[in-house]
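**Student:** Below are the sequence and a predicted model for it; my questions follow.
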Amino acid sequence: MRVGVITFPGTLDDVDAVRAVRLAGGEAVNLWHADRDLHGVDAVVVPGGFSYGDYLRAGAIAARAPIMDEVVVAADHGMPVLGICNGFQILCEAGLLPGALTRNVGLHFVCRDLRLRVESSATAWTGAFAAGQEIVVPLKSGEGRYVADAATLAQLEADGRIVFRYVDAAPNGSTSDIAGIASANGRVVGLMPHPEHAIEPLTGPSADGLGLFTSVLAAVMSA
């Protein structure tokens, strides 16, 4: 299974995402923001960082990079796509996920290990988990407060598209303690915390994050 990992100017966590893909048993393929070819990958990770320095607003410029045109088309055809932190912001800006990520409540950058509850295991990226399972992964962001209008929030709830919630009150003020959501078909997932930093106990608070990467490999194999 070939999983593409995109690098934009200002991306910080692409190397970590590549390592997570490899540790899960996949072949990581580096993709550049100016590419117009996904090079035959089976899934895509849009990693965290500060693409284009978060100018205008986080993810706004990266969402219009040439590679994202290809990602949008591929996602529309069912390719699994994961957006982590800045990647989540980019997916929202690109229209692949609803809502937006705004400045944290209190305007403080949050960096800590947090417990998340897996609300849905029915996505391409969460099949290895059980609904209701709690995992521990790091959060590090200044613009991680998820917001959406009332109709969108109601639809996400009704459709079971809220994938992760903060177990304790969201430190960033995210609406309904939402940490991650999915597209209508469950193939596109975005979350603010960093599963790629929790893939083995030696380097992270847990190995819980590896489950997202093993999940997508299994999903692609079974498709």
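**Tutor:** Arrived safely. Numbering: from 1, shown residues only.
**Student:** which residues in this protein form helices?
**Tutor:** Ranges of helices within the chain are 14-24, 66-76, 86-93, 150-158, 210-222, based on DSSP state H.
**Student:** Turn these into a markdown table, columns for mean pLDDT.
**Tutor:** What follows is the helices of the chain, written out as a markdown table (pLDDT from 0 to 100):
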| stretch | mean pLDDT |
| --- | --- |
| helix 14-24 | 97 |
| helix 66-76 | 98 |
| helix 86-93 | 98 |
| helix 150-158 | 97 |
| helix 210-222 | 96 |
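**Student:** among the ones you listed, which is nearest G180?
**Tutor:** helix 86-93 (7.3 Å; CB to CB). Every C-beta, even on glycine, is put in place using the N, C-alpha and C of the backbone.
**Student:** How about residues contacting the closest one?
**Tutor:** Contacts of helix 86-93 with the rest of the structure, by CB atoms under 8 Å, 6 or more residues apart in numbering, involve 6, 11, 45-51, 54, 57-60, 62-63, 68, 81, 83, 97-101, 141, 143, 180, 188, 190-192.
**Student:** Mind doing that once more with 7 Å?
**Tutor:** 46-51, 58-60, 62-63, 81, 83, 97, 99-101, 143, 188, 190-192 (CB atoms under 7 Å, 6 or more residues apart in numbering).
**Student:** Taking helix 66-76 as reference, get the angle to that helix.
**Tutor:** 70 degrees (axes from the mean of the first three to the mean of the last three CA atoms, to 10 degrees).
**Student:** quick one: the strands in this structure?
**Tutor:** Using DSSP state E, the strands found in the chain span residues 2-7, 27-32, 43-46, 81-84, 100-102, 110-118, 134-141, 145-147, 162-166, 178-182, 188-191.
**Student:** how near is the nearest residue to V21 once chain neighbours are set aside to E93?
**Tutor:** Closest residue to V21 apart from its sequence neighbours, by CB to CB, 6 or more residues apart in numbering: A28 at 4.1 Å. Applying CB to CB, to the nearest Å, the value for A28 to E93 is 24 Å.
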